[in-house]
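Asker: following is a predicted model, sequence given first.
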Amino acid sequence: MLGVGACALLTGLLTVVVIYRIASIGNRMHTTTLLLTGVCITFLMSAVISFLMVLRQDKMDSIIFWTMGSFASASWMDVGIVAPVVVAGVCVVLYYSRDLNLLLAGSETARSLGVEVERVKRVLLLSTTLMVAFCVATCGVIGFVGLVVPHCVRLVMGPDNRRVVPCAIFAGGLFLLLCDTLARTVLMPSELPVGSLTALVGAPLFIYLLYKNKKQY
């Protein structure tokens, strides 16, 4: 797991550096360009994974199951390795939660209030990359949790990231626990990939949130 996690971290950091370099103009990083670049790199990495699947057809079932996300192969040893990384990353995010609140007002406003905007973005990008790399290396790609859960928590708790971040952690864990329980019991003795259930629940909910936000304008 340490070897897999290290490879995942190096690849994740390399990907983030490439995206950051492309999205940065001068010393500033534009969010729209960052998102579009991330989408393009995602398709590129998907092509690389498909190429690896062709090279290792004997492992194709395992790779496909991993791309859909599952806790089936995770162990307590994996938890012991991933937990310190996640705790460290969460501490960094909580430390910058006040700066995140100011960034909600816009980069220029936050900068005028003393926030080192580009430094905060770089630190948070690296911290989240570290957490995501180790988590994905352990249980595969489980989508929509990070998109949907924080938005739902924000609707209940308000916009203050000092409350949203810790509540989103517990709400995300509870959501995954419920999805994993359903994945293990719906088609017993077979097990569904938990990532497929999170997508089935998360995608429609995220579309609803986007539609609701659109109506407000």
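Answerer: Structure received. Numbering: from 1, shown residues only.

Asker: immediately after the helix or strand of the chain with the lowest mean pLDDT, which helix or strand?
Answerer: Taking mean pLDDT, DSSP states H and E as the measure, the helix or strand of the chain with the lowest value is strand 28-29, at a mean of 69. Moving toward the C-terminus from strand 28-29, the first helix or strand encountered (DSSP states H and E) is helix 31-55.

Asker: quick one: the strands in the protein?
Answerer: 24-25, 28-29 (DSSP state E).

Asker: ok, which of those comes nearest L147?
Answerer: Taking CB to CB as the criterion, L147 comes closest to strand 28-29 out of these, the separation being 20.3 Å. C-beta coordinates here come from the backbone N, C-alpha and C atoms, glycine included.

Asker: what sits against the residue nearest to S196 when sequence neighbours are not counted?
Answerer: The shortest distance from S196 to any residue that is not its chain neighbour, by CB to CB, 6 or more residues apart in numbering, is 5.4 Å, and that residue is M68. Contacts of M68 were listed using CB atoms under 8 Å, 6 or more residues apart in numbering, and they are 140-141, 193, 195-196.

Asker: again, 6 Å this time
Answerer: Counting by CB atoms under 6 Å, 6 or more residues apart in numbering, M68 touches 193, 195-196.

Asker: stretch 192-201: which residues count as buried?
Answerer: For stretch 192-201, the neighbour count (16 or more other CB atoms under 10 Å) marks 192-199, 201 as buried.

Asker: show me the two of those residues that sit farthest apart.
Answerer: Distance extremes for the buried residues of stretch 192-201: the farthest pair is P193 and V201 at 13.4 Å, using CB to CB.

Asker: what about this structure, any weak spots by pLDDT?
Answerer: In the predicted model of the chain, residues 1-2, 26-27, 29, 213-217 satisfy pLDDT under 70.

Asker: mind checking how far the residue nearest to H30 when sequence neighbours are not counted is from F170?
Answerer: Leaving aside its sequence neighbours, H30 sits nearest to A23 (CB to CB, 6+ apart; 6.1 Å). Distance of A23 to F170, given as CB to CB, to the nearest Å: 32 Å.

Asker: got it, and S62?
Answerer: S62 is 31 Å from F170, by CB to CB.

Asker: and what of Y208?
Answerer: Following CB to CB, the distance that separates Y208 from F170 is 22 Å.

Asker: before we move on, what about V164?
Answerer: Using CB to CB, which is the criterion applied here, V164 is 11 Å from F170.

Asker: which one of these two is surrounded by more residues?
Answerer: Neighbours were tallied for V164 and for F170 using other CB atoms under 10 Å; the higher tally belongs to V164 (21 against 11).

Asker: okay, helices next: where are they in this structure?
Answerer: 2-23, 31-55, 60-68, 76-95, 97-103, 107-112, 117-139, 145-157, 161-185, 194-216 (DSSP state H).

Asker: pop the domain breakdown of this protein in here.
Answerer: Following automatic domain parsing, one finds the domains of the chain at 1-40+73-140, 141-217.

Asker: how far away from the center of its chain is stretch 190-208?
Answerer: Averaging C-alpha coordinates over stretch 190-208 and over its chain gives two centres that are 15 Å apart (CA atoms, centre = their mean, to the nearest Å).

Asker: pull the residues that contact it.
Answerer: Taking CB under 6 Å, 6+ apart as the criterion, the residues outside stretch 190-208 that touch it are 68-70, 72, 141-145, 147-148, 179-180, 182-184.
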